[in-house]
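1. Sharing a model that was predicted from the sequence below.
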Amino acid sequence: MRKYLTLVNKDNEIKSSYLKNIKLITLKNIYNEEILIEEETATAYKNLKSYLKKKEIEIGIESAYRSIEDQQKIKEEMIEEYGSEYAEKVVAKPKQSEHHTGLAIDICIKESGKYITDNNEVMKHLEKYNAILPYLADFGFILRYPKGKEAITKYPYEPWHLRYVGKIPAKIMTEKNWTLEEYLTKFSAILYVNKPKDMTSFDVVDEISNIYGIKKVGHTGTLDPLAEGVLIVTLGGATKVAELLTAEDKEYVAGVLLGIETDTLDITGKVTKHKPVDLTKDIEKVVNSYQKIYLQEVPIYSAIKVNGKKLYEYARNNEKVELPKKEVTIKRINLLSSDNDTFMIKALVTKGCYIRSLIRDIGLSLDTYATMTTLIRTKQGKIDINETNTLEEIKMGKAKLHTIDEVLDYPVIKVDKELEKRIRNGQKLPNQYHIKDKVIFKASEELLGIYKVEKDLLRVWKNF
């Protein structure tokens, strides 16, 4: 999906890598000529055309993909006919045209059995073009050069120029009244994701980056491929506050198999130790005994660094290393069920605790070995798994997007124009609001920044 958010304008030339990978197909334009257009854009256009026809609006494509050579020719013709000053305003230079992407289409609307192709005539029938605007986002299109946004797009209003960006970004841009430039710079959101099993946290981040077309995406609190459950993902400007979302407390439900230990301490690893299981042991009593603070040995298959090298690198190279121990707190732990050599636990732990290591230690306390078979993060901080969205829901555009001020537990203050200017310039402010830690400043609905207390002043901590 990221390719559908490719930005090409007067400040961003088309990249040769994009041109090498674009998949174009042929389509007939209003003149019955074969033109090229990006494959998914063509499908979206056909669906839009079919839908509008039911609304008794008939559209056709005049042009779509243009090569750099085509754009050069158009530029020269416009200069020759209207002069360089006018041509510079309305026609992109070669490599700076959206039409190079194959995602941009110039459409015409049929009036009295004839397509309106003359720009002056188009302006006389704007009600026809305005009539299709409410339906564009449902098919993944935006009006690329809207009225009132000329200072941002650097092109005059073009009611005929549509751009395919994908349904989810298109709906967000339409709701926010954003251009593509604004979306790529202003979009900021926090997603509560129910990470599926057999995906890394990075895989999830990459998938979401593709769905929203945003490159800057991160997460808080890594989950192994075996694990599933709550994963907080930050997009755009929200990545600036990721450290504030890394909760101290996390809750897990885990499955345990007694009698074996693996090199990874979970069921995906290689079995390294066996020991018979004494079924007379009181599992619940031992599990309850771990509601405490204790020194926990870090598993070798982890990203903790020792002497500048990650532990899993030692493991993969079969190198010996002394495993560090960290103080962890098990705030609450319960036995949920047990059946012979398997059982389930639920634990609320502090940041830095490895459930795999906790299970290993419980196994040793039961005078045997233990390995983790399943893991679900049911809560991260105040975020419960019931508040999360699956990747399928996210792909369908059904996910709830949370704002920074909604998620963070800081006071939110809306400011006037004078204070807004000072905040935008990053100036220190008097603490007239009696803030004790941090405060969020907004101008109308726009997030300006987060300030923190410094003696009797408020100093910018994150500026948006």
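-> Cool, the structure landed.

2. who's residue 261 bridged to?
-> Under DSSP bridges, the beta-bridge partners of residue 261 are residue 273.

3. and residue 426, how many neighbours?
-> 11 (other C-beta atoms under 10 Å). For glycine as for every other residue, the C-beta is placed from the backbone atoms N, C-alpha and C.

4. before we move on, what about residue 238?
-> Residues near residue 238, counting by other C-beta under 10 Å: 26.

5. Same check on residue 129?
-> Neighbours around residue 129, by other C-beta under 10 Å: 20.

6. residues contacting it?
-> 109, 122, 159, 160 (C-beta atoms under 8 Å, 6 or more residues apart in numbering).

7. and it, which of the three is it?
-> helix (DSSP: H, G, I helix; E, B strand; the rest coil).

8. quick one: pLDDT of it?
-> Residue 129 is assigned 94 on the pLDDT scale.

9. Span of stretch 100-117 from start to end?
-> End-to-end distance of stretch 100-117 (C-alpha to C-alpha, to the nearest Å): 21 Å.

10. same check, this time on stretch 4-17
-> 14 Å.

11. contacts for that stretch?
-> 18, 40, 68, 92-93, 95-98, 100-101, 103, 140, 153-154, 164-166, 169, 180-181, 183-184, 213-214.

12. The closest residue to residue 40 other than its chain neighbours: neighbour count?
-> Leaving out its chain neighbours, the residue that sits closest to residue 40 by C-beta to C-beta, 6 or more residues apart in numbering is residue 164, at 7.1 Å. The local packing of residue 164 (other C-beta under 10 Å) involves 29 other residues.

13. Residue 164 against residue 143, yeah?
-> No. At 11.9 Å, residue 164 does not count as touching residue 143 under the criterion of C-beta atoms under 8 Å.

14. which parts of stretch 261-272 are buried?
-> 261, 262, 264, 265, 266, 267, 268, 269 (16 or more other C-beta atoms under 10 Å).

15. Looking at the fourth one now. What's its pLDDT?
-> It stands for residue 265. Residue 265 carries a pLDDT value of 95.

16. ok, now which ones touch it?
-> 299, 301, 354, 356, 357, 359, 360, 371, 372.

17. now with 7 Å?
-> 299, 356, 357, 360, 371, 372 (C-beta atoms under 7 Å, 6 or more residues apart in numbering).

18. of the contacts of stretch 4-17, buried ones?
-> Those of these that meet the buried threshold are 40, 68, 92, 95-98, 100-101, 103, 140, 153, 164-166, 169, 180-181, 183-184, 213-214, by 16+ other C-beta under 10 Å.

19. Now the lengthiest strand in the chain - C-alpha only, PDB.
-> When the chain is parsed with DSSP state E, its longest strand is strand 325-339. The C-alpha trace of strand 325-339 is given here as PDB (Å, rounded to 0.1, in the frame of the first residue of the first chain):
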ATOM      1  CA  LYS A 325      19.900 -11.500  36.200                       C
ATOM      2  CA  LYS A 326      17.300  -8.700  36.600                       C
ATOM      3  CA  GLU A 327      15.100  -7.900  39.500                       C
ATOM      4  CA  VAL A 328      11.400  -8.400  38.400                       C
ATOM      5  CA  THR A 329       8.100  -8.100  40.200                       C
ATOM      6  CA  ILE A 330       5.300 -10.500  39.800                       C
ATOM      7  CA  LYS A 331       2.400  -8.400  41.100                       C
ATOM      8  CA  ARG A 332      -0.200 -11.100  40.700                       C
ATOM      9  CA  ILE A 333      -0.100 -14.700  39.600                       C
ATOM     10  CA  ASN A 334      -2.900 -17.300  39.500                       C
ATOM     11  CA  LEU A 335      -3.300 -20.900  38.400                       C
ATOM     12  CA  LEU A 336      -6.100 -21.000  35.900                       C
ATOM     13  CA  SER A 337      -6.200 -24.700  35.100                       C
ATOM     14  CA  SER A 338      -4.100 -27.900  35.300                       C
ATOM     15  CA  ASP A 339      -4.200 -31.300  33.700                       C
END
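
20. Mind listing the strands that strand pairs with, and their directions?
-> strand 293-297 (antiparallel), strand 342-350 (antiparallel).

21. Show me what the mean pLDDT comes to for it.
-> Mean predicted confidence for strand 325-339 is 96.

22. Could you do stretch 230-247 as well?
-> For stretch 230-247, the per-residue pLDDT averages 90.

23. Give the buried residues for that stretch.
-> 230-242, 244-245, 247.

24. Closest one to residue 320 out of those, please.
-> Set against residue 320, the nearest of the buried residues of stretch 230-247 by C-beta to C-beta is residue 231 (33.3 Å).

25. which residues sit in contact with residue 415?
-> Here residue 415 is in contact with 423, 441, 443 (C-beta under 7 Å, 6+ apart).

26. Next: residue 69.
-> Applying C-beta under 7 Å, 6+ apart, no residues qualify as near residue 69.

27. One more pass at 8 Å, please.
-> Counting by C-beta under 8 Å, 6+ apart, residue 69 has contacts residue 94.

28. which secondary structure element contains residue 208?
-> Using DSSP states H and E, residue 208 falls within helix 201-212.

29. List the neighbours of that helix that are in contact with it.
-> Here helix 201-212 has contacts from 1-2, 168-169, 172, 187, 189, 191, 193, 195-196, 199, 215, 217-219, 222-223, 231, 233, 235, 391, 394-395, using C-beta under 8 Å, 6+ apart.

30. Tell me which of those fall in strands.
-> 189, 191, 193, 195, 217, 218, 219, 231, 233, 235.

31. Any buried residues in the longest strand of the chain, and which?
-> 328, 329, 330, 333, 335, 338.

32. Identify the residues contacting that strand?
-> Under C-beta under 8 Å, 6+ apart, the answer for strand 325-339 is 249, 253, 283-284, 287-288, 290-298, 343-350, 352-353, 358.

33. coming back round to it: what angle sits between the helix holding residue 208 and strand 188-195?
-> Using axes from the mean of the first three to the mean of the last three C-alpha atoms, to 10 degrees, the inter-axis angle of helix 201-212 relative to strand 188-195 is 130 degrees.

34. Let me see the mean pLDDT of helix 201-212.
-> Throughout helix 201-212, pLDDT has a mean value of 95.

35. quick revisit: sort out which one of the buried residues of stretch 261-272 lies nearest residue 402 for me.
-> Nearest to residue 402 among the buried residues of stretch 261-272: residue 266, at 30.9 Å, using C-beta to C-beta.

36. Averaging pLDDT per element, find the lowest-scoring helix or strand in this structure.
-> Using mean pLDDT, DSSP states H and E, helix 84-90 stands out as the lowest-scoring helix or strand of the chain, at a mean of 78.

37. helices or strands up against that one?
-> Packed against helix 84-90 by the contact rule (3 or more C-beta pairs under 8 Å, 6 or more residues apart in numbering; DSSP states H and E) you find helix 68-82.

38. And the helix it packs on, what's buried?
-> So helix 68-82, judged by 16+ other C-beta under 10 Å, has buried residues 68, 70, 71, 74, 75, 78.

39. how about the nearest residue to the last one, chain neighbours excluded?
-> Beyond its immediate neighbours in the sequence, the residue positioned closest to residue 78 (C-beta to C-beta, 6+ apart) is residue 87, lying 3.9 Å away.

40. what's around the one you found, how many residues?
-> Applying other C-beta under 10 Å, I find that residue 87 has 18 neighbouring residues.
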